[in-house]
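Engineer: Next come a sequence and a model predicted from it.
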Amino acid sequence: MPRVGLMVTCLNDALFPDTGRAVVSLLRRLGVEVEFPAAQTCCGQPMVNTGYLDEAVPLVRNHLDAFAGCDAILAPSGSCAGSVRHQHGLVAQRSGDPGLRRAVENAPPTYELSEYLVDVLGVVDVGAYFPHRVTYHPTCHSLRMLGVGDRPTRLLRAVRGLTLLDLPGATECCGFGGTFAVKNSETSIAMGNDKARQVRSTGAEVLVAGDNSCLMHVGGLLSRQRSGMRVMHLAEVLASTEPVIEARDERAATPRSAGSAGVPA
């Protein structure tokens with residue numbers, strides 16, 4: 001049985017714990033042994049993205065120690081998975097520490113959720129059931145840094161009951177961009193409003209993406225617009241199954257006669 005370390009990410013751990021739970025539920029249903037290394041912290045992406053590569057060195061070291069011994073690392077975030085795969089090497093190289101460079105090169109492979117399901121497990125139909133109209137936003141890091149392509153939409157199309165609606169301008173950035181949303185808030189909001197308008201035009205009930213950071217941004221705008229739409233992480237949709245309706249007790253289901261109720265006939 002494959003042994004996977006769940007890199008839940010800071011945002012999910014602090015604000016969206018249901019996403020982490022959904023990943024565990026989904027993977028266990030598919031026969032994967034999931035571990036949650038308690039020593040994990042931030043992957044260092046905020047520091048790297050703002051130019052503080054030296055400050056990210058301790059975080060890279062901690063990440064390597066926390067996930068040592070895992071067969072693979074899975075992150076329900078294209079952004080954080082992309083940071084580990086592409087930025088940790090940059091941090092190690094800048095550090096000038098040959099040992100850190102070797103450790104990064106020999107670390108367990110890191111996958112975004114859809115990559116692991118489709119490429120490693122070789123599954124598209126994960127047994128999910130979600131009877132709703134859905135549109136999917138491909139987040140920038142998953143699309144451009146990781147190149148996940150159509151893996152998420154292939155998984156969604158295999159979900160029973162789900163209707164997948166095309167999103168106009170799908171590949172356009174939603175405007176979040178981490179610290180970009182703080183430093184350039186007006187531009188970020190304008191881009192988010194464009195994305196929200198495109199999402200609403202689909203007539204979908206639910207907006208799905210593989211990064212809760214982007215869903216938080218667009219979802220906040222959709223809420224302010226009183227759109228009535230929900231946002232959900234891909235993992236939560238894939239973890240959903242058809243509710244089990246328990247058979248009623250035969251005695252309770254059978255009408256009782258007056259005599260059986262203790263009333264004289």
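Structural biologist: In hand now; what should we look at?

Engineer: OK, contacts around P152?
Structural biologist: 114, 136, 138, 142, 208, 210, 234 (Cβ atoms under 8 Å, 6 or more residues apart in numbering). From N, CA and C alone the C-beta is placed, and that goes for glycine too.

Engineer: which one among those residues gets closest to D97?
Structural biologist: Of all those, S142 has the smallest distance to D97: 29.9 Å, by Cβ to Cβ.

Engineer: Sort out which residues of stretch 18-31 are buried, please.
Structural biologist: Of the residues in stretch 18-31, 19-20, 22-27 count as buried by neighbour count, 16 or more other Cβ atoms under 10 Å.

Engineer: Same check on stretch 39-57?
Structural biologist: By neighbour count with 16+ other Cβ under 10 Å, stretch 39-57 contains the buried residues 40, 42-49, 53, 56-57.

Engineer: Can you measure across it, start residue to end residue?
Structural biologist: 16 Å (Cα to Cα, to the nearest Å).

Engineer: residues contacting the residue most central in space within the chain?
Structural biologist: Nearest to the centroid of the C-alpha atoms of the chain, with distances taken as Cα atoms, centre = their mean, sits P76, at 3.6 Å. When contacts are counted by Cβ under 8 Å, 6+ apart, P76 touches 8-9, 12, 19-20, 22-23, 112-113, 210, 212, 233-235.

Engineer: can you rerun that using 6 Å?
Structural biologist: Going by Cβ atoms under 6 Å, 6 or more residues apart in numbering, P76 touches 19, 23, 113, 235.

Engineer: Show the contacting residues for the second one.
Structural biologist: For V23, the set of contacting residues under the criterion of Cβ under 6 Å, 6+ apart consists of 76, 235.

Engineer: Looks to me like it is in a helix.
Structural biologist: Yes. V23: assigned to a helix according to DSSP: H, G, I helix; E, B strand; the rest coil.

Engineer: all helices for the stretch 151-265 of the chain, in order.
Structural biologist: 151-157, 180-183, 185-201, 212-224, 234-239, 250-253 (DSSP state H, counting those that start in this stretch).

Engineer: Output those helices in a markdown table; the columns should cover mean pLDDT and distance to P131.
Structural biologist: Below are the helices of the stretch 151-265 of the chain laid out as a markdown table (pLDDT from 0 to 100; distance: least, Cβ to Cβ, whole Å):
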| stretch | mean pLDDT | distance to P131 |
| --- | --- | --- |
| helix 151-157 | 98 | 13 |
| helix 180-183 | 80 | 33 |
| helix 185-201 | 93 | 20 |
| helix 212-224 | 94 | 21 |
| helix 234-239 | 98 | 11 |
| helix 250-253 | 43 | 26 |
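
Engineer: Pick the most buried one from those.
Structural biologist: Stretch with highest mean neighbour count among those: helix 234-239 (a mean of 26; mean count of other Cβ atoms under 10 Å).

Engineer: Only C-alpha atoms, please: export it in PDB.
Structural biologist: Provided in PDB are the C-alpha atoms of helix 234-239 (Å, rounded to 0.1, in the frame of the first residue of the first chain):
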ATOM      1  CA  LEU A 234     -11.900  19.700  -5.800                       C
ATOM      2  CA  ALA A 235     -11.100  17.300  -3.000                       C
ATOM      3  CA  GLU A 236     -14.500  17.900  -1.300                       C
ATOM      4  CA  VAL A 237     -16.400  17.200  -4.500                       C
ATOM      5  CA  LEU A 238     -14.400  14.000  -5.100                       C
ATOM      6  CA  ALA A 239     -14.900  12.800  -1.600                       C
END
